[in-house]
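A.B. asks: Can you look at this prediction? I've put the sequence above it.
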Amino acid sequence: MTGTDVMPYSSTDDAAQHEVLQKTWAPRRGLFSWFFQIDHHSIGRRFLFTAFVWFGCGGILAALMRVQLAKPNNTFLSADRYNQIFTLHGITMMFLFGVPVMEALAVYVIPLMLGTRALAFPRANAYAYYLFLFAGLMVYGALFLDMAPDTGWFSYVPLASPAFAPGKRVDIWAELVNFTEISALIVAVEIVVTILKQRAPGMSIHRMPLYVWSMLVTALMIIFAMPSVMVASNFIGLDRLVGTHIFNPAEGGDVLLWQHLFWFFGHPEVYIIFIPGLGIVSSIVTVFCRRPVFGYTAMVLSLVATAFMGFGLWVHHMFATGLPQSGESFFTAASMMIAIPSGVQIFCWIATIWLGRPSYRPPFMFVLGFFAVFVIGGLSGVMVASVPLDIQLHDTFFVVAHLHYVLIGGAVFPLLGGIFYWFPKMTGRLMHEGLGHASFWLVFIGFNVTFFPMHKLGLSGMPRRVYTYLPETGWGALNLLATIGAGVLGLGMLLFFGNALWNMWRGRAAGADPWGGDTLEWATSSPPPHYNFLRLPVVSGREPLWHEPERAPVVAGLAADKREVLITHVFDAAPDHRYVYPSPSPWPFVAALATAAMLVGGLFTPWSFAIGLTVLAIFLTAWFWPSSPAKEGEESADSPKSGEAS
Amino acid sequence: MSSRATIDVSDLPDFAFGSRSIMWWATVWTIAIEGAVFAATIATYFYLQGNEKSWPPADTPLPGLFWPTVNVLVLLLSLLPNQIVKNAAERCDLRTVRIGMVVADLFAVAFVVVRVFEFHHLNVRWDSNAYGSITWTLLGFHTFHLVTDLADSIVLTVLMFSRHGHAPKRFVDVAENSFYWYFVVISWIPIYAVLYWSPRVL
């Protein structure tokens, strides 16, 4: 298979190849083409954009809460409105932003980084996107109808049981979980399959970029953690809709069971949100320190170890429920142990920076911000891992401070750095560096001024989720400070996204590789063509672009006149077979619409599922029915193998 | 930037079965997701059992054993046509695939029909007590997963009788569909044991 033909391709070859590939992979044109698109660039961009819109909505809700809490006895928001707002803020950030935004970035970046033409199962990817879009529309629509969930993002029973939460608010929470988790699970499967089977020849498992590793680990965690919360949300939905008693103690049900099912998902969820951030940090540190990350193997093992341990910690959210002491000790030990792999990674990055030549440009600044904020969040995490301290601090603002340090530090700082870093790849233009630095400092200072005082507020006993407090508590000054900080943080976010939106059209042209990147996404033009690479790259190291010979080695023989993708072996990424991917189709959109109608109908009657599934079956059949043998590359099984274009 | 070809893939096949194919891997992770759903539901079953002095709770009769046991036999027998279909698909033998799929689908239909009797002999309602709720829910989840796979298999069977049937891609789909059926069978055995034997034995 290794060719002896070393004749380089001429520019005429390249132009011919481009023309054929362009015809094959370009999206269709026309009025309704928006609903047909399935390529990972369009869907990835939409996914990212939508996730950031929900992020903005969640941010506005946070600002409303900060205004309400700025002074004691404030009457800006009513108690009921406040309950809906803090619940929706949590739901938005966890279900509509934290997980989806990381998957969205991966949908865009991973196929490029792996050197392949497409994401696996592109139609399912479009379906997952639309479900995610409808999820947010549903829950924000509910807010305007005064029907938004109001029982907290983890919606504990018995508060969420039919007896204590009449109306449809909790049912909307349960359906939202169904929407977002179906979407997240589908994307997770696509990401795992793409990473395992579509890497460029030569990118064996020990040469995978750390960002790819982090997304592989994240997607596997999603696959094993999210079913638990779907089971829980369906149980509560059944309890409320058809009168089952799973969480009803009067009939043998159990309320603590809810917390087990929820946190078996909820704790890994934290890692699902920040492990992609760790991958982004590795990408940025490598490029901006001009050297490979120190301790690649240790980094990979730490990621995997974090993922495994992440499934053994959930009970530390339940220390206040009076579990047996031996159980509490086990989960305390496990919770403290997770600091070890996290620490290993931090030290590896520090070693990388130490040994490299760091250049302090905006993406790298966000990474430095990540170090500071995430380490503080980790330290307060070790504090609340201890049972006696946790019982004192449970449900206080200390926990609010801790979780924001971990999630904003672990996920949002790297994400903003990552957006700044990959923005030129996605748009072909650069964001403004000066504004990037300014937005970093505003976000960093604003974040700390907002959340650091909350540690102190929690220690002095301020409970979370209260809509107001009395002046005698003495919490007024620090709350006002936090509100001022939130204003600065919001300003920083506006500046960051303003910078992005403005430069989408006005930015300086980036060229293929503005940062001197090491991974394959920088080997193609910015923004990438619909087919990603003129010819698939062949890889011979961990930083393929840094030790590339003068003439880049590529793959020949992949058909250009149909949507053919190279499938490789799981471990050594040796070429295995060619496979034709599906063409654009409106059915994922239609099927997602039907799914959404079914789930919303399910708020009112269980028959919605009977009717909905029948309709959905028809649409899915239309989706999977091949259009025509020629179009799909479905020659008869005995016909000779198809040739290639160039 | 100029490039040169170092690998030529034009001789490689344009489809593959088993762990070489992306369909197989997608099926594996779907199985992992569904397995996690069943695991969480079974964990709930035993968790709730801890709240009762007896299981099923007093005044609730045991679930009928006859129909679910019939279903175990139906599923075990279905493995035979299922394996024949899988082997035929991997040889691209369209005739055997068509006949075998019809037979395998009939087994699945039989299973669903027997499932109706099974529900009728649970001897408890879903809204009687937590035992009834989790019993109905666990059997319900399994039925849902079964019916969706049946619908999917019927569509695929029709597809194999259409002009689109004789394509390598379709044979991969058929082979992975048969692979998934193993999970349907293997997941039913522990659920059967939990629902019908654990209240009798434990």
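C.D. replies: Received, thanks.
A.B. asks: So for the strand or helix carrying B:A40, what gets flagged as buried?
C.D. replies: Using DSSP states H and E, B:A40 falls within helix B:22-49. Across helix B:22-49, burial judged by 16 or more other CB atoms under 10 Å in any protein chain shown covers B:22-45, B:47-49. Placement of C-beta: from N, CA and C, glycine included.
A.B. asks: Please name every helix or strand in contact with the very next helix or strand once past that helix.
C.D. replies: Next in sequence after helix B:22-49, counting helices and strands by DSSP H and E, comes helix B:66-90. Helix B:66-90 is packed against helix B:94-120, helix B:168-192, with contacts defined by 3 or more CB pairs under 8 Å, 6 or more residues apart in numbering or on different chains; DSSP states H and E.
A.B. asks: got the residues of the stretch 451-600 of chain A near chain B?
C.D. replies: A:534-535, A:538, A:550-558, A:564, A:566-567, A:569-570, A:575-580 (CB under 8 Å from any CB of the partner chain).
A.B. asks: so which of the helices and strands packed on helix B:66-90 comes closest to A:S608?
C.D. replies: When the helices and strands packed on helix B:66-90 are compared by CB to CB, helix B:94-120 sits nearest A:S608, at 20.3 Å.
A.B. asks: Also near chain A: which of the buried residues of helix B:22-49, exactly?
C.D. replies: By CB under 8 Å from any CB, the members of the buried residues of helix B:22-49 lying near chain A are B:22, B:25-26, B:29-30, B:32-34, B:36-37, B:39-41, B:44, B:47-48.
A.B. asks: so where do the helices sit in the stretch 451-600 of chain A?
C.D. replies: Assigned by DSSP state H, counting those that start in this stretch, the helices in the stretch 451-600 of chain A fall at A:476-506, A:587-601.
A.B. asks: Just name the most buried of these.
C.D. replies: When those are scored by mean count of other CB atoms under 10 Å in any protein chain shown, the highest mean neighbour count falls to helix A:587-601 (a mean of 21).
A.B. asks: buried residues in the very next helix or strand once past that one?
C.D. replies: Of the helices and strands lying after helix A:587-601 in sequence (DSSP H and E), the nearest is helix A:607-624. Neighbour counts over helix A:607-624 (16+ other CB under 10 Å) mark A:S608, A:G612, A:L613, A:L616, A:A617, A:F619, A:L620, A:T621, A:W623, A:F624 as buried.
A.B. asks: Spatially nearest residue to the second one (excluding sequence neighbours)?
C.D. replies: Sequence neighbours aside, A:M598 is the residue nearest to A:G612 in space, at 2.6 Å (criterion: CB to CB, 6 or more residues apart in numbering or on different chains).
A.B. asks: Buried residues in the lowest-mean-pLDDT helix or strand in chain A, which are they?
C.D. replies: Between all helices and strands in chain A, the lowest mean by mean pLDDT, DSSP states H and E belongs to helix A:325-337, at a mean of 86. For helix A:325-337, burial by neighbour count (16+ other CB under 10 Å) applies to A:E328, A:F331, A:T332, A:A334, A:S335.
A.B. asks: Could you pull out the buried residues of whatever helix or strand comes next after it?
C.D. replies: Per DSSP H and E, the first helix or strand lying C-terminal to helix A:325-337 is helix A:339-355. Neighbour counts over helix A:339-355 (16+ other CB under 10 Å) mark A:A339, A:P341, A:S342, A:V344, A:Q345, A:I346, A:C348, A:W349, A:T352, A:I353 as buried.
A.B. asks: Say whether chain A is contacted by the worst-scoring helix or strand of chain B on mean pLDDT.
C.D. replies: Sorting the helices and strands of chain B by mean pLDDT, DSSP H and E puts strand B:3-8 at the bottom, at a mean of 88. Yes - contact of strand B:3-8 with chain A (CB under 8 Å from any CB) involves B:S3, B:R4, B:A5, B:T6, B:I7, B:D8.
A.B. asks: between these, which is closest to A:T180?
C.D. replies: Checking those against A:T180 by CB to CB gives B:I7 as the nearest, at 40.7 Å.
A.B. asks: from what I can see the residue nearest to A:G612 touches A:W607, true?
C.D. replies: No - here A:M598 does not reach A:W607: they are 10.4 Å apart, not a contact under CB atoms under 8 Å.
A.B. asks: so who does the spatially closest residue to A:I273 that is not a sequence neighbour touch?
C.D. replies: Distances taken as CB to CB, 6+ apart place A:G98 nearest to A:I273, at 4.1 Å, with adjacent residues excluded. Listed by CB atoms under 8 Å, 6 or more residues apart in numbering or on different chains, the contact set of A:G98 reads A:E269, A:I272, A:I273, A:L407, A:A411.
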